[in-house]
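Student: Just need the structure, nothing else, for what follows:
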Amino acid sequence: MSKLIRKAVFPVAGLGTRFLPATKAVPKEMMTVVDRPALQYVVDEAKAAGIEHFIFVTGRGKEVIENHFDMAYELEATLLARAKTAALEELRAERPAAGTTSFTRQQEPLGLGHAVWCARDIVGDEPFAVLLPDMLMKHTTPCLKSMVDAYATTGGNILSLEECDPAQTSSYGVVAVGKKFSDDVMEVKGMVEKPKPADAPSNLFISGRYILQPKIFELLATQQRGAGNEIQLTDSMLRLLAEQPFFGVRFRGTTYDTGTKLGFLKANIAYALERKDIDPDIVGELKSAFGA
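Tutor: Residues are numbered from 1 along each chain as shown. Predicted structure coming up:
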């Protein structure tokens, strides 16, 4: 029987240079989508999948992330004194329970693989999830929940997959698939980084969510630097693929890459349109701005 997925790693050490000067003092993960930090949506996705321990791999200037997931005594006391019950209850509901968060420093910007490796002692000898904080994945069933459900049947290592235009495969890490267990769960037989359309084994690409076995840490420890002179997680996953099974779960929702300006703006619009407290106003503004 497969071990439960209890822990999740959030690599949040990036500098966010695409959003300067906003990210000079504010971590990109804490920039707000409507009125909540982008990172909060990703943590909520992990909670919905049954994650019990949240591991943040941070860097210098990211202390605000730790503060966000801590208790704000003065703020809560002020809200209580002013009888702002709804706001107080929302804060308390989003705060992780004591002892369920861990923070470790990456120290050097050596890539995603290195960031994941930095969490090795906290994760220990058990399977774990990795969620890229830039990717907001919107669906009635959270992406990681679908992956955890599939893992209960398949075990092994799990990747979230999405379809792209076959002509755009050179922009993604694309997988080769084998046996299909359902329309959305399949065996992964290979991974190719940014293949030309003529050479791509499929149009399914890896989209920012992973469930990995702890063996990956051993491989990351000896991984040579790859693209960008960084330690790439994909390179170690390819080595792990030779030893352990990999499976893919197709995500059929919408993904917003908040690491790009366009993706960030799209996410704000999409999440705002879902909010009953502001929906009529934002629709009117959009119609006015675009002449719809």
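
Student: in terms of contact, does residue 195 touch residue 201 like I think?
Tutor: Yes - with contact defined as C-beta atoms under 8 Å, residue 195 counts as touching residue 201 (7.4 Å). In short, each C-beta sits where N, CA and C put it, glycine included.

Student: Overlap in contacts, the two.
Tutor: residue 174 (C-beta atoms under 8 Å, 6 or more residues apart in numbering).

Student: Packing partners of the helix or strand residue 189 falls within?
Tutor: Per DSSP states H and E: residue 189 is located in strand 185-193. Packed against strand 185-193 by the contact rule (3 or more C-beta pairs under 8 Å, 6 or more residues apart in numbering; DSSP states H and E) you find helix 143-154, strand 173-180, helix 233-241, strand 246-250.

Student: Enumerate the positions of that strand that are buried.
Tutor: By neighbour count with 16 or more other C-beta atoms under 10 Å, strand 185-193 contains the buried residues 185-189, 191-192.

Student: what do you get for stretch 228-248?
Tutor: Under the neighbour-count criterion of 16+ other C-beta under 10 Å, stretch 228-248 has 230-233, 235-238, 240-241, 245-248 buried.

Student: just stretch 69-89 next, same as before
Tutor: By neighbour count on 16+ other C-beta under 10 Å, the buried set for stretch 69-89 is 69, 76, 79, 88.

Student: Surely the second one forms part of a helix?
Tutor: Yes - the assignment for residue 76, made by DSSP: H, G, I helix; E, B strand; the rest coil, places it in a helix.

Student: if I pick it, what's in contact with it?
Tutor: Residue 76 neighbours (C-beta under 8 Å, 6+ apart): 88, 91-92.

Student: hmm, back to that, the buried residues of stretch 69-89: which two are farthest apart?
Tutor: Spatial extent of the buried residues of stretch 69-89 (C-beta to C-beta) is set by the pair 69 and 79 at 17.6 Å.

Student: do you know how far the residue of the chain most remote from its centre is from residue 123?
Tutor: Relative to the C-alpha centroid of the chain, counting by C-alpha atoms, centre = their mean, residue 81 is the outermost residue, at 36.5 Å. The gap separating residue 81 from residue 123 is 41 Å, by C-beta to C-beta, to the nearest Å.

Student: same for the helix or strand of the chain with the lowest mean pLDDT, what does it pack against?
Tutor: Least confident helix or strand of the chain, by mean pLDDT, DSSP states H and E, is helix 279-290 with a mean of 73. Helices and strands touching helix 279-290, by 3+ C-beta pairs under 8 Å, 6+ apart, are helix 261-274.

Student: Let me know the average pLDDT across the helix it packs on.
Tutor: Mean pLDDT, computed over helix 261-274, is 91.

Student: Next: stretch 94-102.
Tutor: 90.

Student: got the buried residues for that stretch?
Tutor: Going by neighbour count (16+ other C-beta under 10 Å), the buried part of stretch 94-102 is 95, 101-102.

Student: What of stretch 129-145?
Tutor: 129-138, 142-145.

Student: start to end distance for that stretch?
Tutor: Criterion C-alpha to C-alpha, to the nearest Å; first-to-last residue distance in stretch 129-145 is 11 Å.

Student: related to what we said a few turns ago, so can I have CSV of the buried residues of stretch 129-145 showing pLDDT, secondary structure and distance to residue 283?
Tutor: Output for those, formatted as CSV (pLDDT from 0 to 100; DSSP: H, G, I helix; E, B strand; the rest coil; distance: C-beta to C-beta, whole Å):
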residue, pLDDT, secondary structure, distance to residue 283
129, 98, strand, 35
130, 98, strand, 36
131, 97, strand, 31
132, 96, coil, 30
133, 94, coil, 29
134, 93, coil, 27
135, 94, strand, 26
136, 96, strand, 21
137, 95, strand, 24
138, 93, strand, 18
142, 94, coil, 26
143, 96, helix, 27
144, 97, helix, 30
145, 96, helix, 29
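
Student: can you tell me the distance between the two ends of stretch 175-195?
Tutor: Using C-alpha to C-alpha, the end-to-end distance of stretch 175-195 comes to 10 Å.
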